[in-house]
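Asker: need coordinates for the following:
(chains A, B, C and D)
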Amino acid sequence: MSIPVLLFASYADAFGARRLDVPLDAPCQVADLVRVIRSMPGGDRLPAAPLVAVNRTWVREDVAVQVGDEIALIPPVAGG
Amino acid sequence: MSIPVLLFASYADAFGARRLDVPLDAPCQVADLVRVIRSMPGGDRLPAAPLVAVNRTWVREDVAVQVGDEIALIPPVAGG
Amino acid sequence: MTAPRSDVLHVAIVNAPIDVGALLSRAQAPGVGAVSLFLGTVRDLNDGRPVSGMEYEAYESMAESELRAIAEETCGRIAGLRLVVEHRVGTLDIGEASVAIVAAHAHRTQAMDGARDVIEALKRRVPIWKREHYLSGDCEWIDPTKVQA
Amino acid sequence: MTAPRSDVLHVAIVNAPIDVGALLSRAQAPGVGAVSLFLGTVRDLNDGRPVSGMEYEAYESMAESELRAIAEETCGRIAGLRLVVEHRVGTLDIGEASVAIVAAHAHRTQAMDGARDVIEALKRRVPIWKREHYLSGDCEWIDPTKVQA
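Answerer: Numbering: from 1, shown residues only, chains lettered A, B, ... in the order given. Presented below is the predicted three-dimensional model:
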């Protein structure tokens, strides 16, 4: 199975995609997802602790990811 | 001789005029002017230490008033 | 790179309605990254009394020179600040703007501090007065040294 | 007298130019005595490099909900505050507004604090990114954790 992850801005550039299918089974933790994404091509351009949102809410690394969650890897924000 | 003094807003209402001719000779101090104005009809409505401007600049009571100065007695300001 | 010059672009006491869009345009410049606008408007209630309108009076020549001095001092403290200030006098309806301050800068903190510094100094130093007209028919000069609404 | 209700009047991520006059109108109410507007605008120089334009991207659904959460939290802290917020995405020219925040209140301190609180939280929390396009032809995503322009 795999878990879809949304990418934006510099991360979309790094991975050459706006969405990744991460080979991992749900449920798992956000930290597991980040670890696998880091090993994918372009993953070396991620910072030490990238921001993650689940269902449009900021989450910590130890939050569990469920099937059907909307997961996004968020570059440093720069609005305004 | 007399010294002209401009009045505004509540002070103009208090004295029923927008300009007073204060019976006093220049040079004198601002404090002298205020003392005489206070004795004029309506002068009882002045606060203890009314603001005064000379030539459009805030001044203290001990400043000297010269012939030709533009003198104004300034009610508490309430702009904005 | 030298710090950009501060600039008092426009200071005026006016009788006509304030054109906010025009004031914002005046402050624009290619180096501006943040604009802070402050508007004072006439509200319908003060100290619990229903207000029908507000009448502003100024010692116009001094008000304009004090306002300009405040703007110059603020620009002196905040390098690169661009300031536009208008205060209206005359009779205003509920909702109309009595004062508009536009502060523009490369960065947001300086823009917001600039606008705030000008309105605070204006409230303390500029010889302008306002007389509130109440729905009851009477009216009263506002004395900020007596009531803090 | 009870404190007037706070109100988040409008929060949106938009593609078209921001209509500042319309946003100011939305915040109006008879009880408003002070309006503070903050505008972020695209400037022609960043970190000393000449900029030709700016491209804004958002995680739109989350950006809008975060922005709304920020507005609700700010209104929760400041009773009687009226807030209108728009952030634009897409490609912007120098001088165009990327964000507009209107905070209206009976009193000036609350209005100015409201606008400031929203822009500061927006900068920290709302998933929006910007890519600067330089006159030299290249472009770069801005990373505020790396440079403090």
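Asker: what about stretch C:35-49, average pLDDT?
Answerer: Stretch C:35-49 shows a mean pLDDT of 94.
Asker: so which bits of that stretch are buried?
Answerer: Buried positions in stretch C:35-49, judged by neighbour count with 16 or more other Cβ atoms under 10 Å in any protein chain shown: C:35-46. C-beta here means a position set from N, CA and C on the backbone, and glycine is covered the same way.
Asker: anything in that stretch near chain A?
Answerer: No. Stretch C:35-49 stays clear of chain A (Cβ under 8 Å from any Cβ of the partner chain), getting no nearer than 12.3 Å.
Asker: for chain C, which segments count as helices?
Answerer: Here chain C has its helices, by DSSP state H, at C:20-27, C:60-77, C:108-125.
Asker: could these be laid out in TSV, adding distance to C:Ser136 and mean neighbour count?
Answerer: Listed next are the helices of chain C as TSV, based on distance: least, Cβ to Cβ, whole Å; neighbours: other Cβ atoms under 10 Å in any protein chain shown:
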stretch	distance to C:Ser136	mean neighbour count
helix C:20-27	31	17
helix C:60-77	30	19
helix C:108-125	27	21
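Asker: and the ones you listed: which comes nearest chain A?
Answerer: When these are compared by Cβ to the nearest Cβ, helix C:108-125 sits nearest chain A, at 7.4 Å.
Asker: is any residue of that closest one near chain A?
Answerer: Yes. Counting by Cβ under 8 Å from any Cβ, chain A has neighbours in helix C:108-125: C:Arg108.
Asker: starting at the chain centroid, how far to that helix?
Answerer: Remark: helix C:108-125 is offset 9 Å from the chain centroid, using Cα atoms, centre = their mean, to the nearest Å.
Asker: does chain D sit close to that helix?
Answerer: Yes. Using Cβ under 8 Å from any Cβ, helix C:108-125 comes into contact with chain D via C:108, C:111-112, C:115-116, C:119.
Asker: my guess is A:Asp25 meets A:Asp32, correct?
Answerer: No. Using Cβ atoms under 8 Å, A:Asp25 makes no contact with A:Asp32, being 9.5 Å away.
Asker: what lies in contact with stretch A:4-22?
Answerer: Residues outside stretch A:4-22 that contact it (Cβ atoms under 8 Å, 6 or more residues apart in numbering or on different chains): A:2-3, A:33, A:36-37, A:40-43, A:45-46, A:50, A:70-75, D:57, D:59, D:127, D:129, D:131, D:141, D:143.
Asker: go ahead and build a ChimeraX selection from the buried members of the residues you listed.
Answerer: Buried residues among the contacts of stretch A:4-22 (16+ other Cβ under 10 Å), as a ChimeraX selection:
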select /A:3,33,36,37,40,42,43,46,50,71,72,73,74,75 /D:57,59,127,129,131,141
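Asker: ok, the closest residue to A:Asp44 other than its chain neighbours to A:Ser10 distance?
Answerer: Spatial nearest neighbour of A:Asp44, chain neighbours left out: A:Arg38 (7.5 Å); criterion: Cβ to Cβ, 6 or more residues apart in numbering or on different chains. Look at A:Arg38 and A:Ser10: by Cβ to Cβ, to the nearest Å, they are 15 Å apart.
Asker: which residue is nearest the middle of chain C?
Answerer: C:Val99 (3.6 Å; Cα atoms, centre = their mean).
Asker: same question, chain A
Answerer: With distances taken as Cα atoms, centre = their mean, A:Leu73 lies nearest the centre of chain A, 3.5 Å away.
Asker: can I assume that one sits in a helix?
Answerer: No. Counting by DSSP: H, G, I helix; E, B strand; the rest coil, A:Leu73 is not found in a helix; it is strand.
Asker: and the pLDDT for it?
Answerer: The score at A:Leu73 is 98. That number is its pLDDT.
Asker: you'd agree it is up against A:Val52?
Answerer: Yes. With contact defined as Cβ under 8 Å, A:Leu73 reaches A:Val52; the gap is 6.0 Å.
Asker: hey, what's in contact with both of the two?
Answerer: By Cβ under 8 Å, 6+ apart, the residues touching both A:Leu73 and A:Val52 are A:Val34.
Asker: report the closest residue of chain A relative to chain B.
Answerer: With Cβ to the nearest Cβ as the measure, A:Gly80 is the residue of chain A nearest to chain B, at 27.9 Å.
Asker: mind checking how far that residue is from D:Gly40?
Answerer: 5 Å.
Asker: list residues touching both of those two?
Answerer: With Cβ under 8 Å, 6+ apart as the test, A:Gly80 and D:Gly40 both reach C:108, D:98-99, D:119.
Asker: and of the residues you listed, the nearest to D:Ile70?
Answerer: Nearest to D:Ile70 among the shared contacts of A:Gly80 and D:Gly40, counting by Cβ to Cβ, is D:Ile119 at 9.5 Å.
Asker: check contacts around the residue nearest to the closest one when sequence neighbours are not counted.
Answerer: The spatially closest residue to D:Ile119, leaving aside those adjacent along the chain, is D:Phe38, at 5.1 Å (Cβ to Cβ, 6+ apart). Neighbour list for D:Phe38: C:34-37, C:108, C:111-112, D:99-101, D:115-116, D:118-119 [criterion: Cβ under 8 Å, 6+ apart].
Asker: for chain C, what helix or strand is lowest in average pLDDT?
Answerer: None of the helices or strands of chain C scores lower by mean pLDDT, DSSP states H and E than strand C:45-46, at a mean of 88.
Asker: ok, it near chain D or not?
Answerer: Yes. Strand C:45-46 reaches chain D (Cβ under 8 Å from any Cβ) through C:Leu45.
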